[in-house]
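**Q** what shape does this take:
(one chain, ligands or ions: 2)
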Amino acid sequence: MTTRHFIIATAGHVDHGKSALVKALTGTDPDRLPEEKARQITIELGFAELNLTAPNGETIHAGIVDVPGHEDFVRNMIAGVGSIDLALLVVAADDRWMPQTEEHLQILTYLGVERAVVALTKSDLGRIDSATEQIRTQLRGNVFAESPIVPTSVRTGEGIENLKRAIASELAAMHPQRDFGKPRLFIDRVFTLRGIGTVVTGTLTGGRFHRGQSIVLQPQNLQARIRSIQSHGVEIDCAHPAMRTALNLPDVAIDQINRGDVITDSDLGGTSSTLTAQVERSPRLRIKEPAARPLKNGSSVYLHHGTSRVAVKVALLEKGELEPGQKTIAHLKIASPIFAFVGDRFVVRDASEQHTIAGGVVLDPDGANFRDAVQVKLLSMRAIAPDDVDVCVRSEIALRGSTPRKTLLNKSHFSAGEISEALMRDNEIVLHEEIAADGEFWQKLRNQAIASIDDAHKRNPERTGLDLNELHTSLRDQPEDVLEALIAELCAAGFVRKGSAIARTTHLPVLPTHLQPVQRKIRKALSQKPFDPPPRREIETDRDAEHVLRFLIESGEVIEVDSNAFLLREDFDRMKSQITEFISKNGPATVSELRQALGSSRRIMVPLLEKLDREGVTRRRGDKRTLAH
Ligand SMILES: Nc1nc2c(ncn2[C@@H]2O[C@H](COP(=O)(O)OP(=O)(O)OP(=O)(O)O)[C@@H](O)[C@H]2O)c(=O)[nH]1
Ligand SMILES: [Mg+2]
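**A** Ligands and ions are numbered 1, 2, ... in the order given. All right, here's what the predicted structure looks like:
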């Protein structure tokens, strides 16, 4: 049986015995900084590993992240619990439920952590039964309501084995984190090692990294290569989701990289500076606490996403302010860009960085300015089921009308395969090679295009059809790939593309009666001196003449030799045969000889010969023309 990997993080109030418990469970002291030793508190994240045997005999490997409990370091705590499977919530028997126990619980809930084991630590110092009862009361109505509560003491050794068993049976019942082919490592530590170079660490989620792989560092958009990978100090070839992972990135200088940055794949798109999100406030916030003050539209707050913390301005879309227990769709304007996916969860803290005031889920990372009622409704749909690929695909298409298939939801928790299967399943979606579109949107666009083409046929019956540029404008500048797909669809049924125009296959250009006299005038002008007809300005005297001339060219009755030389088709044919005849009789000839022989002018003869060269009739040799064959 292969070993499954999970990530556990501690949580709980300062001094409640989190680090001591990690040491008792694993043998590793997670507090490694001198300052932590001196002050006897945890400041930075600490790490350890725990090998467990599940009730069915399966071996389970858990990476443990030990977080600080002190209120000054909540920021570090949030960075530690972003991608975890299970929380180890620590409550000391002598001190019980305290402010950071509560704050950490809310943070875990905002981040979507669904499983916990509660360690009732320092059982040698307090009353187990009443403490257990108090914890049960605190957890009532929360996702952790049914979590096991295990009394432990690192002094007496009580409960440590029980705790291991409780953790093992929780993890045994869980699915390991999904590998959807979109790896992200939210960096929690950066350092250099002599002779090795820059190393970053974090908890890997969403996909794998292997040795030698090219990666991109976001938000810097810096390309680099992974030279080697370690997990808990052991060299490995490939890191999987939920593994504590250290990457050696020799091409990246230490000052180019920070905690909070993300290592990811190069083809997952760019960063975001505006997120559309659902922001929610815990109903557990107690009205009198400063953390419970209403979150006002326009507030400046801090967003904690992955291991990063950025200043954001909140624009609430459905309310003026948000009270505890409420949620709303909001735009979050971010001071410095982050790399976020649809479905990512986050925590919001106030501007003073003292209180956790909200959390939420990213609904759109691409900065689109969705705000009308229909869009908000679609986003709310997505907010209810951010992990449902069908809901996300459907709402994505409905929000955007049409979107390139290649990038559709590429920043999401769904694999490319899951997305294309969802596209296939949904028969309200119209699929083309490059794009996917909402059925209703597509029908409207198609009708609009047909109306424009019919209108062009009616307005200018003498024209081949509607110019594609005009079609583009009439469709309010839809992206190029949408236009291409639409044209391809039209051309498969009843329409045809002719040069730069599109027309109904049944359309035959005809001159309307009122233009007949203009046609006669142009023909006359061209036939008076057939081999030296007048220049454009003398033919195209007004808009009507312009239309007629274009009609004659499009219908092949007039040859446009160049932009200032027009010949009636029969005259063009005659000139062509006289030129070939002249050369076969007299040998190679200059422009001037041919011009004189035919009674033409340089204005006509030069572009005419160039055209005949292109057509493979004549060939230029120095200043003479020979026949091509
Ligand atoms: N009596 C008793 N003391 C304990 C027990 N567990 C931890 N302690 C003591 O409680 C103090 C705090 O323990 P830590 O493990 O550092 O607490 P912590 O939760 O990691 O603290 P922060 O990381 O700063 O939030 C230390 O002096 C420990 O020796 C226990 O089971 N029984
Ligand atoms: Mg600690």
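**Q** chain center to stretch 4-13: distance?
**A** 29 Å (C-alpha atoms, centre = their mean, to the nearest Å).
**Q** and stretch 33-43, by the same measure?
**A** 41 Å.
**Q** so which bits of the stretch 1-150 of the chain are right by ligand 2?
**A** Lys18, Ser19, Thr42 (C-beta under 5 Å from the ion). Every C-beta, even on glycine, is put in place using the N, C-alpha and C of the backbone.
**Q** hang on, the first one packs against Leu45?
**A** If I follow you right, that is Lys18. No: applying C-beta atoms under 8 Å as the test, Lys18 and Leu45 come out as separate, 11.4 Å apart.
**Q** on that earlier part again, which of the residues of the stretch 1-150 of the chain next to ligand 2 fall in helices?
**A** Mapping those onto helices (DSSP state H) picks out Lys18, Ser19.
**Q** pLDDT and distance to Val200 for the residues of the stretch 1-150 of the chain next to ligand 2 - can I get that in CSV?
**A** Converted to CSV, those look like this (pLDDT from 0 to 100; distance: C-beta to C-beta, whole Å):
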residue, pLDDT, distance to Val200
Lys18, 98, 25
Ser19, 98, 23
Thr42, 96, 21
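**Q** got a list of what Arg543 touches?
**A** Contact analysis of Arg543 by C-beta atoms under 8 Å, 6 or more residues apart in numbering lists nothing.
**Q** try Thr198
**A** Neighbours of Thr198 in contact, by C-beta under 8 Å, 6+ apart: Val190, Phe191, Thr192, Asn248, Leu249, Pro250, Val252, Ala253, Ile254, Ile257.
**Q** part of a strand, is it?
**A** Yes: the assignment for Thr198 is a strand, going by DSSP: H, G, I helix; E, B strand; the rest coil.
**Q** how much space between Asp455 and Lys444?
**A** 16 Å (C-beta to C-beta, to the nearest Å).
**Q** kindly apply the preceding question to Leu409 instead.
**A** 23 Å.
**Q** now Ile236
**A** Using C-beta to C-beta, Ile236 is found at 53 Å from Lys444.
**Q** also Ile257?
**A** Separation of Ile257 from Lys444 (C-beta to C-beta): 48 Å.
**Q** make CSV out of the contacts of Thr198 and add pLDDT, secondary structure and neighbour count.
**A** As requested, the contacts of Thr198 are arranged in CSV below (pLDDT from 0 to 100; DSSP: H, G, I helix; E, B strand; the rest coil; neighbours: other C-beta atoms under 10 Å):
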residue, pLDDT, secondary structure, neighbour count
Val190, 96, strand, 20
Phe191, 95, strand, 11
Thr192, 95, strand, 13
Asn248, 97, strand, 19
Leu249, 96, coil, 23
Pro250, 94, coil, 15
Val252, 95, coil, 23
Ala253, 94, coil, 12
Ile254, 94, helix, 14
Ile257, 96, coil, 19
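**Q** which one of those residues is nearest to Pro34?
**A** For these, the minimum distance to Pro34 (C-beta to C-beta) is 15.6 Å, reached by Phe191.
**Q** report the contact partners of the residue lying closest to the closest one once chain neighbours are set aside.
**A** Using C-beta to C-beta, 6 or more residues apart in numbering and skipping the chain neighbours, the partner closest in space to Phe191 is Val199 (5.7 Å). For Val199, the contact set (C-beta under 8 Å, 6+ apart) comprises Val190, Phe191, Thr192, Leu193, Ala246, Leu247, Asn248, Leu249.
**Q** do the same with Ile453
**A** Applying C-beta under 8 Å, 6+ apart, the residues contacting Ile453 are Gly465, Leu466, Leu471, Leu490, Phe495, Ile502, Ala503, Arg504.
**Q** torsion angles phi and psi at the second one?
**A** Backbone torsions of Leu466, given as degrees, to the nearest 10, read phi -90, psi 130.
**Q** distance of it from Thr307?
**A** From Leu466 to Thr307 the distance is 54 Å (C-beta to C-beta).
**Q** again with the fifth one
**A** Spatial separation of Phe495 from Thr307 under the definition C-beta to C-beta is 54 Å.
**Q** so between these two, which is more surrounded?
**A** Thr307 (25 against 20; other C-beta atoms under 10 Å).
**Q** ok, now how distant is that one from ligand 2?
**A** 18 Å (C-beta to the ion, to the nearest Å).
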